[in-house]
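>>> got a sequence here, can you model it:
(chains A and B)
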Amino acid sequence: MNVFEEAEEIMENALVSSLSVVTPSGEVLTNPMLPLYSRERKKLYMTSSILFSKKINYIKQNPRVGVLFSGRPFIKTPRYSALHVKGDAKIYEENLHSGWEWLVDLWRAKEPYIEAFIKQRVALPLFWERAVIEIEPRELLLWPGGDFSREPLRWRA
Amino acid sequence: MSIAAEIEKYSDVVVSYLDRDGYPISFSTTMRYSEGKLIIEKPPYLNPPKKITVLLNHITPLPTGGYTDRRYLMMKGEALTEGNTIIFKPFKQYGWDEKTKPFFQYCEERVPQAKSYVTRLSKALGRQVKPRLPTLQLLFRATRFPFLTATAAPVLIGVGTAAYLGYFDPLLFILTLVGASLIHLALNMTNDYYDTKLGADPANITPTPFSGGSRILHYGLMTPKQLLSLIVLFYGVGIAIGLYLAFLRGLIPILAVMTTGVLISIFYTAPPLKLAYRGLGELAVGIGFGPIIVLGSHYVQTQFFSLEALVASIPIGILIMLILYVNEIPDAPYDKAAGKLTLVTRLSRENVLKGYKLSLAATYAVIVAAVALRLAPPTTLIALATIPKAISTVRNVAQTYGNPYLMIPALASNINVATLTGLLHAAGFFLWALISFTINL
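Predicted structure coming up:
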């Protein structure tokens, strides 16, 4: 399995990831995010509620992002590797109400109860107004076995 | 909790910084606290700059899929690299732990962020962007529709007392119920309009399904103008039905009752009276949902006021007042901060509970006394069936007092006691009327 294929498997099966964005002052901010990977599009997706929208504004100003997949319990693959994705992000926010709903199929695989939560959107209406973050990987850094003491394997677009 | 123990709570430590290519880079590592310093291990081939961020993250995956036990801590700070270790000095940190801050509260605290985002996006797109709900769900939420049981019970008691005295017209009953319900829904929306405008609802960051208002305006789901239009529509149709009944059944008495009810409902929160803000809201609600609705509904049927109806209006007035009273408990700190000095904000916890118990006792005492004084039929004693539920509700309210989310079952139980007692009380009158009617056949 090459770096890209293994990265795809990790992105597809990780329950959580750490999304890092750059602020206008050059600081890096990191947020735990649910990663949704589309094999078909070869892109990584995340959704962000407008309640937690600071990162959206930062990405719009600087689309360069990093996403780390680490932690054995969070990555449901037979073989554990840690992965860092450097990529360019694009924000889709024209339809906050339902523009993210096409991702529910991918979301369900990570959170089987998601549809039950969505059905109750009347209780938390702002939480379900969401922008989509689309990340196109530019560089992948893979640490087999999650061993960060060694140089990572790399893949570049 | 010590810093070392705090770090142990998280299963992943992620260090991030800006790489030379302009992309953020992160690595997973371990962090320990030793001799007053946070020490992080770093890979030998990575050389973080002075400014780094450290994310402590944790979730517990569930065997059935998904996860729980979410918490994170984000720290911004300076890194001093010594060999393969970093001494980290955080200067800013924030985070969330769902065990200490419920998800709903976490979301509520971020409402201003959502609003400023939507404002910026509207400007950027050149059109108004608004959070949305399907129309029916929006109306359901805006009107706080489930609270209509608080109108149905007193209307049924008013009509029940009329039936007990031998009067019953189903069409008039339906018209009364629809009219009173529309005015109640208009009251709920008026309350939200002014509580948002006066700051009580936005100040509340722990709303529950029973307290903290509908939040339609606060969330930007409707504009104030849209809500005002709905208020005018609901009051308009409700008053029109009232006027029709007044012309049909007795102009002055029905107009007097309806005008008093409508004025109470408006000035419950509307300036200049703002009754709820002056510790008079509870009394206003007790009068409005007690004597006003019961006597009005009774008069529409009988064309006279009766002592039986007046006495029957007292328990339901108290019970509906108690819905408000108990629902005010989780709101109390925010109400106080916003200058909405409800009765609960003015009393100590002990006195609030004492008032609750006494009011409930008075409710049941009046039901029994009315029967003893032959102002109500013995069948109305069926309403006493809720006493055990009322006792357990008092206990639950006392146990969860002041914790908004833990109080939710107690708030629901209190509403159930009020409505069920009211409906059983009404049923007692109808049952006696039915028995009398059958015997007289």
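
>>> who touches the strand or helix carrying residue B:394?
Element membership for residue B:394 (DSSP states H and E) is helix B:387-400. With C-beta atoms under 8 Å, 6 or more residues apart in numbering or on different chains as the test, helix B:387-400 has contacts from B:326, B:329, B:353, B:356-357, B:360, B:364, B:406-407, B:409-410, B:413-414, B:416-417, B:420-421. In this view, the C-beta of every residue, glycine as well, is placed from N, C-alpha and C.

>>> that one: which residues count as buried?
Residues of helix B:387-400 classed as buried by neighbour count (16 or more other C-beta atoms under 10 Å in any protein chain shown): B:390, B:393, B:394, B:396, B:397, B:400.

>>> mind checking how far the last one is from residue B:195?
Using C-beta to C-beta, to the nearest Å, one obtains 23 Å as the distance from residue B:400 to residue B:195.

>>> rewinding a little: can you lay out the buried residues of helix B:387-400 as CSV showing distance to residue A:24 and pLDDT?
Converted to CSV, the buried residues of helix B:387-400 look like this (distance: C-beta to C-beta, whole Å; pLDDT from 0 to 100):
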residue, distance to residue A:24, pLDDT
B:390, 59, 98
B:393, 53, 98
B:394, 55, 98
B:396, 50, 97
B:397, 50, 98
B:400, 45, 97
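
>>> could the residues you listed be laid out in a markdown table, adding distance to residue B:300?
As requested, the buried residues of helix B:387-400 are arranged in a markdown table below (distance: C-beta to C-beta, whole Å):
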| residue | distance to residue B:300 |
| --- | --- |
| B:390 | 30 |
| B:393 | 33 |
| B:394 | 35 |
| B:396 | 38 |
| B:397 | 36 |
| B:400 | 41 |
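
>>> which of the residues you listed lies closest to residue B:14?
Nearest to residue B:14 among the buried residues of helix B:387-400: residue B:400, at 37.4 Å, using C-beta to C-beta.

>>> quick one: contacts of stretch A:88-96?
Stretch A:88-96 has contacts (C-beta under 8 Å, 6+ apart) with A:21, A:50, A:56, A:59-60, A:63-65, A:99-100, A:129-136, A:138, B:121, B:125, B:129, B:131.

>>> wait, I meant stretch A:102-113
Residues from elsewhere that reach stretch A:102-113 (C-beta under 8 Å, 6+ apart): A:15, A:34, A:36-38, A:45, A:47, A:114-115, A:117-118, A:132, B:64-67.

>>> can I get the CA coordinates of that stretch in CSV?
Once non-C-alpha atoms are left out, stretch A:102-113 reads as follows in CSV (Å, rounded to 0.1, in the frame of the first residue of the first chain):
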residue,chain,number,x,y,z
TRP,A,102,-24.9,15.5,0.9
LEU,A,103,-22.1,14.6,3.4
VAL,A,104,-24.5,12.8,5.8
ASP,A,105,-23.7,9.5,4.1
LEU,A,106,-20.1,9.9,5.0
TRP,A,107,-21.0,11.3,8.4
ARG,A,108,-23.2,8.3,9.3
ALA,A,109,-20.2,6.0,9.0
LYS,A,110,-18.5,7.9,11.8
GLU,A,111,-21.5,8.8,13.9
PRO,A,112,-24.3,6.3,13.4
TYR,A,113,-26.8,8.4,15.4
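
>>> number of residues surrounding the residue of the stretch 251-400 of chain B found nearest chain A?
Chain A sits closest to residue B:330 of the stretch 251-400 of chain B, with a gap of 16.1 Å, by C-beta to the nearest C-beta. Residue B:330: 28 surrounding residues under other C-beta atoms under 10 Å in any protein chain shown.

>>> list the contacts of the nearest residue to it once chain neighbours are set aside.
Nearest residue to residue B:330 in three dimensions, chain neighbours excluded: residue B:404, at 3.7 Å (C-beta to C-beta, 6 or more residues apart in numbering or on different chains). Counting by C-beta under 8 Å, 6+ apart, residue B:404 touches B:105, B:206, B:207, B:208, B:211, B:330.

>>> just confirm yes or no for the helix or strand encompassing the first one near chain A.
Okay, so that is residue B:105. Residue B:105 is part of helix B:103-109, with elements assigned from DSSP H and E. Yes - interface with chain A: helix B:103-109 contributes B:104, B:107 (C-beta under 8 Å from any C-beta of the partner chain).

>>> lowest-pLDDT helix or strand in chain A?
helix A:114-119 (a mean of 86; mean pLDDT, DSSP states H and E).

>>> partner strands of whatever helix or strand comes next after that one, with direction?
Using DSSP H and E, the helix or strand that follows helix A:114-119 towards the C-terminus is strand A:130-144. Paired neighbours of strand A:130-144 in the sheet (DSSP bridges): strand A:43-49 (antiparallel), strand A:81-92 (antiparallel), strand A:153-156 (antiparallel).

>>> right, and the helix or strand after the second one?
For strand A:81-92, the following helix or strand on the C-terminal side (DSSP H and E) is helix A:104-110.

>>> circling back: flag every buried residue along the helix holding residue B:105.
B:104, B:105, B:106, B:107, B:108.

>>> picking up where we left off before, pick out the most distant pair among the contacts of stretch A:102-113.
Checking the contacts of stretch A:102-113 with C-beta to C-beta, the most distant pair is A:132 and B:64, at 27.0 Å.

>>> between the two, which has more neighbouring residues?
residue A:132 (22 against 7).

>>> state the number of residues packed around the nearest residue to that one once chain neighbours are set aside.
Spatial nearest neighbour of residue A:132, excluding adjacent residues (C-beta to C-beta, 6+ apart): residue A:92 at 4.1 Å. As a burial measure, residue A:92 scores 15 neighbours (other C-beta under 10 Å).

>>> secondary structure class for residue B:38?
What DSSP: H, G, I helix; E, B strand; the rest coil gives for residue B:38 is strand.

>>> again with the one 10 residues further on
Taking three-state DSSP as the rule, one finds residue B:48 in the coil state.

>>> isn't it up against residue B:19?
No - counting by C-beta atoms under 8 Å, residue B:48 does not reach residue B:19; the two are 9.4 Å apart.

>>> returning to that earlier point: only C-alpha atoms, please: export the helix holding residue B:394 in PDB.
Presented in PDB, the C-alpha positions along helix B:387-400 are these (Å, rounded to 0.1, in the frame of the first residue of the first chain):
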ATOM      1  CA  ILE B 387     -51.200  14.500  44.700                       C
ATOM      2  CA  PRO B 388     -48.600  11.700  44.700                       C
ATOM      3  CA  LYS B 389     -47.200  13.100  41.400                       C
ATOM      4  CA  ALA B 390     -47.200  16.600  42.900                       C
ATOM      5  CA  ILE B 391     -45.200  15.400  46.000                       C
ATOM      6  CA  SER B 392     -42.600  13.700  43.900                       C
ATOM      7  CA  THR B 393     -42.300  16.800  41.700                       C
ATOM      8  CA  VAL B 394     -41.700  19.000  44.700                       C
ATOM      9  CA  ARG B 395     -38.900  16.600  45.700                       C
ATOM     10  CA  ASN B 396     -37.400  16.600  42.200                       C
ATOM     11  CA  VAL B 397     -37.500  20.400  42.000                       C
ATOM     12  CA  ALA B 398     -35.800  20.700  45.400                       C
ATOM     13  CA  GLN B 399     -33.100  18.100  44.400                       C
ATOM     14  CA  THR B 400     -32.300  19.700  41.100                       C
END
